[in-house]
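A.B. asks: Any chance you could fold what I've pasted below:
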Amino acid sequence: MTPAGVPEDDPHFSRLLTLVGRMNYTWTNTESVLIHLIAGLARTDTETALVIFLTLNTTRARVELVERLVKLERVDPELRKRVLQATGDMMRQSALRNRYNHCIYSFDEAAGTARTILMRIADRKDRLKIGQTEAVDELAVEGVEQAVDALQKVNRTLWSIVVDYKFPT
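C.D. replies: Just a heads-up that it's a prediction; the model follows:
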């Protein structure tokens, strides 16, 4: 163990941290493309769309705005289909992203392994469920790799929509 308590010989942990950083970068980069969708769908400029984007303080609110704008009757059905598919694909990655952004890590010194502890309360009928844990292993690493790949695909799809429909950039 290092002085900070991080297992020195756990290759999954180091890889996971790197991938979580990539996932956050890819998520933020992809989410920012929503500014151009807002501009195009609301028929405004990027500066105004940026103000709207920043006023909405959650990804879910931003995506809901885009989805509602694209569902307006005036919107081309093909554009609607493409945007809804892309936003759906993006939001399917949100649970994993939220898991790794809102967890703490626990280290087993004897085994030299790490686990995540989800920092969320789940209300059940007659009890609370707190601190769901998950191993930081190859399966966890593969899940984040798949999320990064999926988000990169969504990013390319959203940019192709912006270009194809000549939305403000």
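A.B. asks: What helices and strands are in contact with the helix or strand encompassing residue 154?
C.D. replies: According to DSSP states H and E, residue 154 maps onto helix 138-164. If you count contacts as 3 or more CB pairs under 8 Å, 6 or more residues apart in numbering; DSSP states H and E, helix 138-164 packs onto helix 11-32, helix 34-41, helix 77-91, helix 94-101. The way it works is simple: take the backbone N, C-alpha and C, and place the C-beta from them, glycine included.
A.B. asks: what mean pLDDT would you report for the second one?
C.D. replies: Helix 34-41 carries an average pLDDT of 98.
A.B. asks: Low-confidence ranges, this structure, go.
C.D. replies: For the chain, the stretches flagged by pLDDT under 70 are 1-9.
A.B. asks: Just give me the neighbour total for the closest residue to residue 138 other than its chain neighbours.
C.D. replies: Leaving aside its sequence neighbours, residue 138 sits nearest to residue 12 (CB to CB, 6 or more residues apart in numbering; 6.2 Å). Per other CB atoms under 10 Å, the neighbour tally for residue 12 reads 17.
A.B. asks: what's near enough to touch residue 12?
C.D. replies: 113-114, 136-138, 140-141 (CB atoms under 8 Å, 6 or more residues apart in numbering).
A.B. asks: so is residue 129 in a helix, a strand, or just coil?
C.D. replies: strand (DSSP: H, G, I helix; E, B strand; the rest coil).
A.B. asks: Apologies, that question was intended for residue 105.
C.D. replies: strand.
A.B. asks: ok, now the one 10 residues further on?
C.D. replies: When the structure is reduced to helix, strand and coil (three-state DSSP), residue 115 reads as strand.
A.B. asks: Show the contacting residues for it.
C.D. replies: With contact taken as CB under 8 Å, 6+ apart, residue 115 is in contact with 105-108, 133-136.
A.B. asks: try it again with 6 Å
C.D. replies: Contacts of residue 115 were listed using CB atoms under 6 Å, 6 or more residues apart in numbering, and they are 106, 133, 135.
A.B. asks: one step back: tell me how far the residue nearest to residue 138 lies from residue 27.
C.D. replies: Distance, residue 12 to residue 27, by CB to CB, to the nearest Å: 21 Å.
A.B. asks: Same question for residue 143.
C.D. replies: Using CB to CB, one gets 14 Å for the distance from residue 143 to residue 27.
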